[in-house]
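J.: make a model of this:
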Amino acid sequence: MSITAAELLVYYGLAGGAGGAILDDVSTVGGAIDLTRRPVYTQINPAGTKIDLVSDGADVRTVLIRGRLLSGADANENVILTNNVIVTSVNTYERVQVIEATTTSASRTITATQHTGSALIATIPPNEVGILMNFINSFSDPAVPEVRYDKIFWWNGDPAITLTGSQIELFADPSGVLLIALEDTIGDSHTVANRFAAPAHVGAFVGVGVQINVSNSGNLTAQTGQGTWLEQSLAAGNIPVRASYTTQLQGNSI
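T.: Numbers count the residues shown, from 1 in each chain. The predicted model follows:
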């Protein structure tokens, strides 16, 4: 049986998730793969809505929502799930940065949607706790350009089959501020000291549409992740960025 698309997933680096998201430019970035947290790719649109949370069964976990208000202020709140009954946030958000349950559940899935329009933001499946935005609270300097780094992983979740001839690319970046590079080994745990520190164990950073061969001769083995670094370049006085980006993994399977 071949690898399915549902088995190829994107997760966060452990240093960016364990105990909460990176909220500043001084904390350690990267680390090994964190199989409980994924980067969020869908931002609320239009800006300015509350968030609806619901589980698919018996579930009273507490869920942290962190985001920015229409005023620009950073805000967070705790929402207690009421099983399969929708619970709505108190705050109205301009953007979502974190949605994270206090614990995992072996059987329950949490769904987060916009209160206005009911558009899906994300689902948190069993054995995971939440979603994080890349580059939370990163601001442009009014006088000088700034370059930051963050780390995600492409994960082959199949229990046995290797994805051969595999390549990763930055598929879309409407904001035009991102490049990506791959770690030189799969399953790595490398970190950088902070978001301004460039990673050392990577190839060249490239832009949209450039396919990079996965380390290990393009073989992404079963239950293994390929570390993928994001480089964000903000011009001096850069306008706010709310656009989503997309990376893509492709390869061959028996």
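J.: for the rest of this, base every contact and every neighbour count on C-alpha atoms.
T.: Fine.
J.: what comes up buried for the helix or strand harbouring residue 248?
T.: Assessed by DSSP states H and E, residue 248 sits inside strand 246-252. The neighbour-count check on strand 246-252 (16 or more other C-alpha atoms under 10 Å) flags 247-251 as buried.
J.: paired strands for that strand, with orientation please.
T.: strand 164-172 (antiparallel) (DSSP bridges).
J.: where does pLDDT dip in this protein?
T.: Applying pLDDT under 70 to the chain flags residues 16-20.
J.: and the residue most central in space within it, what are its bridge partners?
T.: In the chain, the centroid-proximal residue (C-alpha atoms, centre = their mean) is residue 39; its distance is 1.1 Å. For residue 39, the beta-bridge partners are residue 132 (DSSP bridges).
J.: quick one on the thing from earlier: and the contacts of the strand holding residue 248?
T.: Strand 246-252 is contacted by residues 8, 41, 154, 163-173 when judged by C-alpha atoms under 8 Å, 6 or more residues apart in numbering.
J.: restricting to C-alpha, output that strand in PDB.
T.: Extracted as PDB, the C-alpha positions of strand 246-252 are listed here (Å, rounded to 0.1, in the frame of the first residue of the first chain):
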ATOM      1  CA  THR A 246       2.700  27.200   1.500                       C
ATOM      2  CA  THR A 247       5.500  24.600   1.400                       C
ATOM      3  CA  GLN A 248       5.100  21.400  -0.700                       C
ATOM      4  CA  LEU A 249       6.600  17.900  -0.400                       C
ATOM      5  CA  GLN A 250       6.500  15.500  -3.300                       C
ATOM      6  CA  GLY A 251       8.100  12.100  -3.900                       C
ATOM      7  CA  ASN A 252       7.600   8.500  -5.000                       C
END
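J.: can you give the distance of that strand from its chain's centre?
T.: The chain centre lies 16 Å from the centre of strand 246-252; the measure is C-alpha atoms, centre = their mean, to the nearest Å.
J.: on that earlier part again, put the buried members of the contacts of strand 246-252 into a PyMOL selection.
T.: With 16+ other C-alpha under 10 Å as the criterion, this PyMOL line picks the buried residues out of the contacts of strand 246-252:
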select buried, resi 8+41+154+163+164+166+167+168+169+170+172+173
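J.: and of the contacts of strand 246-252, the nearest to residue 96?
T.: Comparing the contacts of strand 246-252 against residue 96 with C-alpha to C-alpha places residue 41 closest, at 10.3 Å.
J.: how far away is the residue nearest to that closest one when sequence neighbours are not counted from residue 145?
T.: Nearest residue to residue 41, sequence neighbours excluded (C-alpha to C-alpha, 6 or more residues apart in numbering): residue 244, at 5.5 Å. Separation of residue 244 from residue 145 (C-alpha to C-alpha, to the nearest Å) stands at 21 Å.
J.: same check, this time on residue 226
T.: According to C-alpha to C-alpha, residue 226 and residue 145 sit 29 Å apart.
J.: neighbour count: those two, which is higher?
T.: A count of neighbours by other C-alpha atoms under 10 Å puts residue 226 above the other of residue 226 and residue 145, at 27 against 13.
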